[in-house]
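>>> Give me the fold of what follows.
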Amino acid sequence: MPISPEQLVILDRDGVINQDSDAYIKSLEEWLPYPSSIHAIAKLSQAGYTVAIATNQSGIGRGYYDAGVLGQMHDRLNALVNAAGGTIAHIAYCPHGPADDCECRKPLPGLLHDIQRALSLSSLSGSWMVGDSLRDLQAGEACGCQSVLVKTGKGEKTLTKGVGLENAHVYTDLAEFVDWLLSRSSG
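Modelled structure (predicted):
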């Protein structure tokens, strides 16, 4: 059954689903999920939402880890979400650094277009883009997504800057956003 863009929630990974690190998440041992985010993803799935992830992973391009290590992190993420009763429909990642001039690195919308193709959607307009940085929201807004800034990860710093957040909904964390979204759609 085709999904509607309004039923799609696209998440940034580091700082939204798991703890972020200025030194990069370079190993499975360093990948530390927020338990509340895992449960929030499961709640979205159970309520009929489709969840996808769009994540910049320039640590690959910088040589800090490789795609195999990233795959291990995403296998763990999928296993945790599945164990909680949820599903992640697609994970799109950009392995490039800021100077690589790619089309996929957020704030460019390439990762979101990848998700759109993978899920056979004609548009992302009305979908939700949840992130902890301005570049996450900019990528979403370029595709017509509704913006959500969470205060976890780099979110507090992003909020303090206050630039480019005019259209953003702001929540403490992913769990608080999901609770709001589900109460809105059920009410």
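>>> show me where pLDDT drops low in the chain?
1, 185-187 (pLDDT under 70).
>>> Which parts of it are helices?
Ranges of helices within the chain are 35-46, 58-61, 67-83, 110-118, 134-142, 155-161, 174-186, based on DSSP state H.
>>> how about CSV for those, with distance to residue 5 and mean neighbour count added?
Glycine gets a C-beta too; all of them are placed from N, C-alpha and C. Formatted as CSV, those follow (distance: least, CB to CB, whole Å; neighbours: other CB atoms under 10 Å):
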stretch, distance to residue 5, mean neighbour count
helix 35-46, 15, 20
helix 58-61, 28, 18
helix 67-83, 21, 16
helix 110-118, 9, 20
helix 134-142, 11, 23
helix 155-161, 24, 15
helix 174-186, 14, 17
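>>> what sits against residue 61?
95-97, 100 (CB atoms under 8 Å, 6 or more residues apart in numbering).
>>> which non-adjacent residue is nearest it?
Nearest non-adjacent residue to residue 61, counting by CB to CB, 6 or more residues apart in numbering: residue 97, 4.2 Å away.
>>> that older thread, with distance to residue 13 added, can I get the helices of the chain in TSV?
Putting the helices of the chain into TSV (distance: least, CB to CB, whole Å) gives the following:
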stretch	distance to residue 13
helix 35-46	10
helix 58-61	12
helix 67-83	8
helix 110-118	11
helix 134-142	10
helix 155-161	13
helix 174-186	11
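>>> No further queries at this time; thank you.
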